[in-house]
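> Could you work out the structure for the sequence below:
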Amino acid sequence: MTSGINAYRRIQREAAPDEASMGTLLRVLVDSILVGQRALMQSDFATSNKHLIAAQQVLMQLRSAARDLAGELGQNLNDLYAWAEMTLGMANTSHDVVLIDRVVSVLSNIRDGFEGVSEGG
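This is a model prediction of the structure:
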């Protein structure tokens, strides 16, 4: 359960708090969600639960960081992370891989945006 949080903390220590680190954090987050999804598809509910709960904890941290951003961007990111957190919780309890797909799709788009900024494109 703490692997997602430990990854988040490691990234926070190693990366500067800029767009590049957000892209890295979102990549780790999406990867962890995908591991949970694969485990769910294999009926490995313990592993799936561990990864999805860890992802929800990282999303709580992202919400906290988004609240520190001023204006509409901060509010929109907070709302999006809250939606992702809630949806992963529902997916975890109902064992619904389609809900996980929705979260991964949205977070991947955001991750790609941050990574595009860090690459200068």
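> residue ranges with poor pLDDT in this protein?
1-20, 116-121 (pLDDT under 70).
> got the residue ranges for the helices in the protein?
Remark: helices assigned in the chain by DSSP state H are 3-14, 19-41, 45-67, 71-94, 97-118.
> Redo those as JSON lines? Include mean neighbour count.
C-betas here are computed from N, CA, C, even on glycine. Output for the helices of the chain, formatted as JSON lines (neighbours: other Cβ atoms under 10 Å):
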{"stretch": "helix 3-14", "mean neighbour count": "15"}
{"stretch": "helix 19-41", "mean neighbour count": "19"}
{"stretch": "helix 45-67", "mean neighbour count": "19"}
{"stretch": "helix 71-94", "mean neighbour count": "16"}
{"stretch": "helix 97-118", "mean neighbour count": "16"}
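> So which residue is smack in the middle of this protein?
Centroid check for the chain by Cα atoms, centre = their mean gives Leu29 as the closest residue, at 3.9 Å.
> Setting aside sequence neighbours, what's the nearest residue to that residue?
Spatial nearest neighbour of Leu29, excluding adjacent residues (Cβ to Cβ, 6 or more residues apart in numbering): Val58 at 5.2 Å.
> Now do that neighbour against Ser64, distance only.
11 Å (Cβ to Cβ, to the nearest Å).
> and what of Val106?
Distance, Val106 to Ser64, by Cβ to Cβ: 19 Å.
> How about Tyr81?
Tyr81 is 9 Å from Ser64, by Cβ to Cβ.
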